[in-house]
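A.B. asks: Quick one, structure for this:
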Amino acid sequence: MTVFYEFDEVDMFTVGTIGQPGSRTFFLHVRADGKRMAVKCEKQQAAAISQYLEKVLSDLPPVEDRPISGAMELNDPGETLFVLGPIGLGYDRSNDKVLLQLEEMGELDDDGEVIDDENRGHVRIYITRGQAAAFAAHAGNVIESGRPECRWCGNPIDPDGHPCPRMN
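C.D. replies: Numbering: from 1, shown residues only. So this is what the prediction gives:
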């Protein structure tokens, strides 16, 4: 069964994690039309969305209305629709909203091609510039709250240390 949702009005779009730094699972969370949806993603995907949104917003008029920062917290992602694969991002000037298309990671064949591309899940949402700005700021905080980086090699440091390749 293929999952497909499209929402022109979104109540909330945020990122959150479950677990401890070093073993966190990231989720994009969407609430619209009384439905809650979660899509499992990688930390790098959340960071890429945040960076894109910041870039788009830098070319637009300043944002006047943002969701309250406490409304961005994710305590329970709920049921996960799918694991995130390709991400489509754009800006629709006609309605002054940012478009995000979240697609399910497909199963790959031996050549790296997606098997059964037509049955992958899709969630297409339009968010306001204020929601985009709030997401970008919140995502930055969530990502930075992970493990600290080693000042010599840049790799994350676990609570019990790490074997630094530059110190060997």
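A.B. asks: which residue is nearest the middle of this protein?
C.D. replies: The centroid of the chain falls nearest to residue 46 when counting by Cα atoms, centre = their mean (3.5 Å).
A.B. asks: so where's this structure uncertain?
C.D. replies: Low-confidence segments of the chain (pLDDT under 70): 1, 66-71, 74-75, 114, 117, 168.
A.B. asks: and residue 124, how many neighbours?
C.D. replies: Residue 124: 15 surrounding residues under other Cβ atoms under 10 Å. Heads up, the C-betas are built off the backbone N, CA and C, glycines and all.
A.B. asks: How about it: what's its closest non-neighbour residue?
C.D. replies: Excluding the flanking residues, the one nearest residue 124 by Cβ to Cβ, 6 or more residues apart in numbering is residue 6, at 4.4 Å.
A.B. asks: Report the contact partners of the one you found.
C.D. replies: Contacts here follow Cβ atoms under 8 Å, 6 or more residues apart in numbering; on that basis residue 6 touches 123-125.
A.B. asks: Which ones among the residues you listed lie within strands?
C.D. replies: When DSSP state E is applied, those are split such that 123-125 fall in strands.
A.B. asks: Which stretches in this structure count as helices?
C.D. replies: Remark: helices assigned in the chain by DSSP state H are 43-58, 129-144.
A.B. asks: Tell me which of those helices sits most buried.
C.D. replies: helix 129-144 (a mean of 20; mean count of other Cβ atoms under 10 Å).
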